[in-house]
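Engineer: Build me a structure from this.
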Amino acid sequence: MSSANVTSPDSLAAFARLCEAQVMLVGIARAIDVIPGMRRDLILHAGPPIDWNRMAPAMRAAICGGLVFEGLSDTIEEAETLAGSGKIEFAPAHDHAAAGAMAGVITASMPVFVAEEKNSGLRAHVSVNEGLGKALRFGANGPDVLDRLRWIRDEFFPLMQRALEISGPINLKQAIAEALRRGDEVHNRNKSATSQFFRDIAPAFVATHAPYDHIEKALRFIGGNDHFFLSLSIAHAKAVSLYVEQCGVGDLVTVMAGNGVEVGIRVASLGNQWFTGPANVADVKFFDGHGAEEATPTMGDSYITESIGLGAFALAAAPAISAFIGGTVEELIGRSERMREITMGEHTDFRIPALGYKGVPSGIDVRKVVSSGISPLINTGIASRIPGVGQIGAGMQEVPMACFTAALSALDART
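Structural biologist: Below is the predicted model:
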């Protein structure tokens with residue numbers, strides 16, 4: 001057997017951490033109050049580092065919306081000038097113990113969910129999911145988008161904060177394991193997980209004794225967004241990755257993310273180094289009236305869910321997702337199951353009933369990816385290149401092999 005197909009003891013130690021991590025939702029807070037190094041003049045974004053002048057149009061539009069939301073600019077046009085002036089700093093959310101879907105823009109006053117890995121106390125931070133369609137994370141920045149963000153900050157956030165204080169910590173690992181048993185893959189399909197979260201948190205909302213109309217609007221917001229739990233799934237995966245990275249050993253991939261121009265990965269033993277390749281347009285099911293010429297290439301931090309065995313690695317748990325991302329159920333399951341060839345084992349807690357309760361393939365091994373020529377699959381939403389339009393489709397894509405060959409070279413250079 002080739003040495004590339006044998007997982008090293010260090011990698012198995014990292015994989016053990018991936019499986020044993022215990023992540024709880026412990027609260028919600030303003031980004032500037034909890035995210036390490038957060039400042040008012042710092043904008044966090046998805047994917048590896050990128051300068052303003054190289055950013056995809058959807059990410060630039062989301063950043064401009066964020067600057068107006070923060071009151072740093074009065075108009076989108078003024079925000080674009082400010083963003084290019086050098087007075088605003090941009091950094092990957094992953095560099096600040098955070099993550100965000102699609103453009104992944106996080107600004108200082110945005111509320112972020114706080115997830116804690118119990119063994120280590122390490123915390124991850126992810127913004128509240130706005131819903132599908134026209135949302136800041138897809139590059140929409142019109143008045144309706146900004147008004148919703150202000151409502152999330154000014155009314156929804158303090159109510160959710162109080163509700164979580166009343167409910168106490170929520171076990172995200174248990175919630176995800178249950179959602180896999182109930183038809184979600186917990187990346188592009190979160191219908192069951194959202195329903196379960198709604199059931200868990202609704203009594204606490206009522207117990208806040210806030211004005212009835214505030215409670216009603218907040219619960220309708222959660223219950224009307226089948227992707228609400230996505231933020232919590234990302235927060236869970238980011239907390240797991242921080243716990244794995246803490247051990248500092250192994251060839252296990254801890255992060256996969258895109259900024260619309262490049263896709264980057266991180267590896268457990270290589271710290272905060274990014275290894276990148278060109279972003280491409282996914283194998284997509286477009287919404288009516290949209291096509292590939294309008295699509296933003298791979299963008300978002302939510303692919304960290306695949307890094308721990310969810311999303312495209314768990315499609316057998318979610319046959320109904322084929323209607324959203326395209327392809328037949330059989331094709332999707334076949335592609336998903338192929339991921340077992342590039343992973344370190346089955347997750348001990350995330351299991352799929354339709355496969356006889358086999359664990360999802362977890363622990364992407366850089367060496368196995370390169371030796372097999374099989375790139376990891378990711379599920380993704382697609383943002384329009386046209387600022388303000390929002391989401392135009394969803395689908396699947398392979399992470400560029402260039403990311404893994406670069407990472408392997410760095411790993412080999414250490415030996």
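
Engineer: and Glu130, how many neighbours does it have?
Structural biologist: By the other Cβ atoms under 10 Å criterion, the neighbourhood of Glu130 contains 23 residues. The way it works is simple: take the backbone N, C-alpha and C, and place the C-beta from them, glycine included.

Engineer: list the contacts for Ile308?
Structural biologist: Taking Cβ atoms under 8 Å, 6 or more residues apart in numbering as the contact definition, Ile308 lies against Leu18, Ala237, Val240, Ser241, His347, Ser362.

Engineer: One more pass at 7 Å, please.
Structural biologist: When contacts are counted by Cβ atoms under 7 Å, 6 or more residues apart in numbering, Ile308 is found next to Leu18, Ala237, Val240, Ser362.

Engineer: In its sheet, which strands sit next to the helix or strand containing the last one, and in what direction?
Structural biologist: Right, Ser362. Remark: Ser362 resides in strand 358-364, with elements defined by DSSP states H and E. Each strand that strand 358-364 pairs with, and the sense of that pairing, follows from DSSP bridges: strand 343-352 (antiparallel).

Engineer: and the strand it pairs with, what's its mean pLDDT?
Structural biologist: Mean pLDDT, strand 343-352: 98.

Engineer: In it, which residues are buried?
Structural biologist: Judged by neighbour count using 16 or more other Cβ atoms under 10 Å, the buried positions of strand 343-352 are Thr343, Met344, Gly345, Glu346, His347, Asp349, Phe350, Arg351, Ile352.

Engineer: again, but for stretch 194-204
Structural biologist: Thr194, Ser195, Gln196, Phe197, Phe198, Ile201, Ala202, Ala204.

Engineer: Residue ranges in the stretch 51-200 of the chain under the pLDDT threshold?
Structural biologist: With pLDDT under 70 as the threshold, the stretch 51-200 of the chain has no low-confidence stretch at all.

Engineer: how about the strands of it, start to end?
Structural biologist: 89-92, 98-99, 111-117, 123-127, 170-171 (DSSP state E, counting those that start in this stretch).

Engineer: highest average neighbour count across those?
Structural biologist: strand 98-99 (a mean of 30; mean count of other Cβ atoms under 10 Å).

Engineer: Which elements pack onto that strand?
Structural biologist: With contacts defined as 3 or more Cβ pairs under 7 Å, 6 or more residues apart in numbering; DSSP states H and E, the secondary structure elements packing on strand 98-99 are strand 123-127.

Engineer: Report all helices and strands that the strand it packs on contacts.
Structural biologist: strand 98-99, strand 111-117, helix 230-247.

Engineer: and those as CSV, adding distance to Ala62?
Structural biologist: Conversion of the helices and strands packed on strand 123-127 to CSV gives the following (distance: least, Cβ to Cβ, whole Å):
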stretch, distance to Ala62
strand 98-99, 15
strand 111-117, 16
helix 230-247, 16
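
Engineer: And these: which comes nearest Pro36?
Structural biologist: The closest approach between Pro36 and any of these, judged by Cβ to Cβ, belongs to strand 98-99 at 8.6 Å.

Engineer: Just give me how far the closest one sits from the chain centre.
Structural biologist: Going by Cα atoms, centre = their mean, to the nearest Å, the spacing between the C-alpha centre of strand 98-99 and its chain's C-alpha centre is 8 Å.

Engineer: Adjacent strands (with direction) for that strand?
Structural biologist: Sheet pairing here is set by DSSP bridges, and for strand 98-99 it gives strand 123-127 (parallel).

Engineer: could you check the angle helix 230-247 makes with the strand it pairs with?
Structural biologist: Going by axes from the mean of the first three to the mean of the last three Cα atoms, to 10 degrees, strand 123-127 is angled at 150 degrees with respect to helix 230-247.

Engineer: contact partners of strand 123-127?
Structural biologist: Residues outside strand 123-127 that contact it (Cβ under 7 Å, 6+ apart): 31, 34-35, 97-100, 106, 110, 112-116, 231, 234-235, 238-239, 242.

Engineer: all helices of the stretch 101-250 of the chain, in order?
Structural biologist: Taking DSSP state H, counting those that start in this stretch to define them, one finds helices in the stretch 101-250 of the chain at 143-151, 157-167, 172-181, 191-207, 212-223, 230-247.

Engineer: Would you mind giving the orientation angle of the shortest one with respect to helix 157-167?
Structural biologist: The one in question is helix 143-151. Going by the same axes, to 10 degrees, helix 143-151 makes 40 degrees with helix 157-167.

Engineer: contacting residues for the most centrally placed residue in the chain?
Structural biologist: Residue closest to the average C-alpha location in the chain (Cα atoms, centre = their mean): Ser302, at 2.0 Å. With contacts defined as Cβ under 7 Å, 6+ apart, the neighbours of Ser302 are Ala101, His187, Leu230, Ile234.

Engineer: so which of those residues is the most crowded?
Structural biologist: Sorting the contacts of Ser302 by how many neighbours each has (other Cβ under 10 Å) puts Ile234 first, at 32 neighbours.

Engineer: surely that one meets Tyr303?
Structural biologist: No. Using Cβ atoms under 7 Å, Ile234 is not in contact with Tyr303; the gap is 9.4 Å.
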